[in-house]
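> Turn this into a model:
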Amino acid sequence: MSFKNALKNLVAHFGAVWSLLLYIVIFAAVISGLSLPFVMPVARAFADAGVFELFRNSFASIFGGEGLNGLWNGLYDTYKAVGQVFTDAPKIAALTRSFVIFIVVLLFRFFLGLYEIPFATVIDGQLSSNARFGLGGKFFSTLTVSVRYSLCKLPYTVAFDLLIFSAVYGLGHALGMSIALPFAVMLVMLVLLSLRFSVVACWAPSVASGERGVPKGFVRSASICFKRFGSIYSTYLMSLMLLFVVGAIVALLTLGVGMIIVLPFSAAYISYLNATVFYVKTGKRFYVDGEVVTPSTENVM
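Next up is the predicted model:
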């Protein structure tokens with residue numbers, strides 16, 4: 001029920017996707033500006049080593065008759081070229097590590113988390129009273145709470161990122177450069193990402209509704225998750241699988257251009273799903289496209 005109702009509400013309020021797209025564009029511009037001192041020297045080193053040419057040829061091989069084997073071999077050659085750059089230029093390797101730690105891991109995750117509370121507040125108004133709020137206004141009015149929330153969520157997210165990276169790294173060593181590796185990596189990522197989303201599913205909604213503060217909201221969310229783990233986890237596993245499949249199809253058909261819409265759509269859908277799961281599992285009535293839905297008592301914790 002949560003899956004269907006979240007999708008219906010998102011379609012009914014599709015303007016939220018454009019709001020998130022604007023936020024992502026602004027956010028990307030800020031991150032790009034902060035990344036330039038790290039990225040430019042690394043990009044020049046990769047260009048001199050022919051990394052970008054190898055990467056481009058990898059995907060060109062699909063249309064050249066070599067198929068997936070050509071793509072996989074080309075990506076492996078690209079990987080070896082990148083490793084050779086780091087071996088030959090320790091300063092480039094150190095710069096890349098700094099970029100990953102300070103920009104990708106810390107700043108990226110922090111800024112990315114700032115939209116969750118204002119967006120959850122907008123959704124809470126829609127679900128609780130069929131009200132309509134602007135994301136821009138809520139962003140600034142909830143900024144203090146958003147900063148606390150993003151800072152508190154950062155260690156949790158980073159810990160899961162490290163877990164996923166370790167699992168993928170271990171698979172790489174166990175399977176080698178096998179054709180089965182990308183499928184195994186995708187499966188492991190889906191399993192772990194579903195767990196990550198499930199545990200904190202009700203965190204932002206509980207804060208946005210005023211039911212809990214930021215630290216207690218996490219405890220509340222984890223409690224709801226583990227009391228109804230099977231239904232919540234399966235909901236996120238199915239949702240992420242569908243988002244991955246749709247994203248892959250759109251990216252392939254549009255040569256990546258369609259991801260401009262897929263990314264904000266996916267982020268908006270997860271936020272709507274979080275709010276819907278929160279309302280269902282706490283037994284609250286809510287609006288779905290203007291109609292009131294009463295959760296079944298068997299779903300309430």
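
> Tell me the buried residues in stretch 187-200?
Neighbour counts over stretch 187-200 (16 or more other C-beta atoms under 10 Å) mark 188, 190, 192-200 as buried. C-beta here means a position set from N, CA and C on the backbone, and glycine is covered the same way.

> and what of stretch 172-185?
181, 184-185.

> Report how far apart the opening and closing residues of that stretch are.
Start-to-end span of stretch 172-185 (C-alpha to C-alpha, to the nearest Å) is 8 Å.

> Run the chain-centre distance for that stretch.
Chain-centre distance of stretch 172-185: 23 Å, with C-alpha atoms, centre = their mean, to the nearest Å.

> Quick check: mean pLDDT of it?
Stretch 172-185 comes out with an average pLDDT of 75.

> Return the subset of the buried residues of stretch 172-185 lying in helices.
Those of those mapping onto helices are 181, 184-185, per DSSP state H.

> Columns distance to G15 on top of these, output as TSV?
Rendered in TSV, the data for those read as follows (distance: C-beta to C-beta, whole Å):
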residue	distance to G15
L181	40
A184	39
V185	35
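
> just the helices in the stretch 1-150 of the chain please.
Secondary structure of the stretch 1-150 of the chain (DSSP state H, counting those that start in this stretch): helices located at 2-12, 15-48, 51-63, 67-88, 90-98, 108-113, 116-129, 135-141, 143-175.

> deepest of those helices, which one?
With neighbours defined as mean count of other C-beta atoms under 10 Å, these peak in mean count at helix 116-129, which reaches a mean of 23.

> what about that helix, distance to the chain center?
Worked out by C-alpha atoms, centre = their mean, helix 116-129 lies 19 Å from the chain centre.

> relative to helix 15-48, how tilted is it?
Our comparison of helix 116-129 with helix 15-48, counting by axes from the mean of the first three to the mean of the last three C-alpha atoms, to 10 degrees, yields an angle of 160 degrees.

> export helix 116-129 as CSV, just CAs?
Only the C-alpha atoms of helix 116-129 are listed here, as CSV (Å, rounded to 0.1, in the frame of the first residue of the first chain):
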residue,chain,number,x,y,z
GLU,A,116,15.1,16.3,3.4
ILE,A,117,13.5,18.1,6.3
PRO,A,118,12.0,20.9,4.2
PHE,A,119,10.8,18.5,1.6
ALA,A,120,9.4,16.2,4.3
THR,A,121,7.6,19.2,5.9
VAL,A,122,6.0,20.0,2.5
ILE,A,123,4.9,16.3,2.1
ASP,A,124,3.6,16.2,5.7
GLY,A,125,1.4,19.2,5.0
GLN,A,126,0.0,17.4,1.9
LEU,A,127,-0.6,14.1,3.7
SER,A,128,-2.0,15.5,7.0
SER,A,129,-4.3,18.3,5.8
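
> for that helix, packing partners?
helix 2-12, helix 15-48, helix 135-141, helix 143-175, helix 203-208, helix 259-281, strand 286-288 (3 or more C-beta pairs under 8 Å, 6 or more residues apart in numbering; DSSP states H and E).

> Which among these is found nearest to S128?
Nearest of the helices and strands packed on helix 116-129 to S128, taken as C-beta to C-beta: strand 286-288 at 6.6 Å.

> packing partners for the closest one?
Applying 3+ C-beta pairs under 8 Å, 6+ apart, we find strand 286-288 packed against helix 2-12, helix 116-129, strand 291-293.

> before we move on, back to that, pLDDT and secondary structure for the buried residues of stretch 187-200 - can I get that in a markdown table?
Below are the buried residues of stretch 187-200 laid out as a markdown table (pLDDT from 0 to 100; DSSP: H, G, I helix; E, B strand; the rest coil):
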| residue | pLDDT | secondary structure |
| --- | --- | --- |
| V188 | 89 | helix |
| L190 | 93 | helix |
| L192 | 93 | helix |
| L193 | 94 | helix |
| S194 | 95 | helix |
| L195 | 95 | helix |
| R196 | 95 | helix |
| F197 | 96 | helix |
| S198 | 96 | helix |
| V199 | 96 | helix |
| V200 | 95 | coil |
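
> Export those residues to JSON lines and append columns for distance to D161.
Shown next, in JSON lines, are those (distance: C-beta to C-beta, whole Å):
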{"residue": "V188", "distance to D161": "13"}
{"residue": "L190", "distance to D161": "15"}
{"residue": "L192", "distance to D161": "10"}
{"residue": "L193", "distance to D161": "10"}
{"residue": "S194", "distance to D161": "15"}
{"residue": "L195", "distance to D161": "13"}
{"residue": "R196", "distance to D161": "9"}
{"residue": "F197", "distance to D161": "13"}
{"residue": "S198", "distance to D161": "16"}
{"residue": "V199", "distance to D161": "14"}
{"residue": "V200", "distance to D161": "14"}
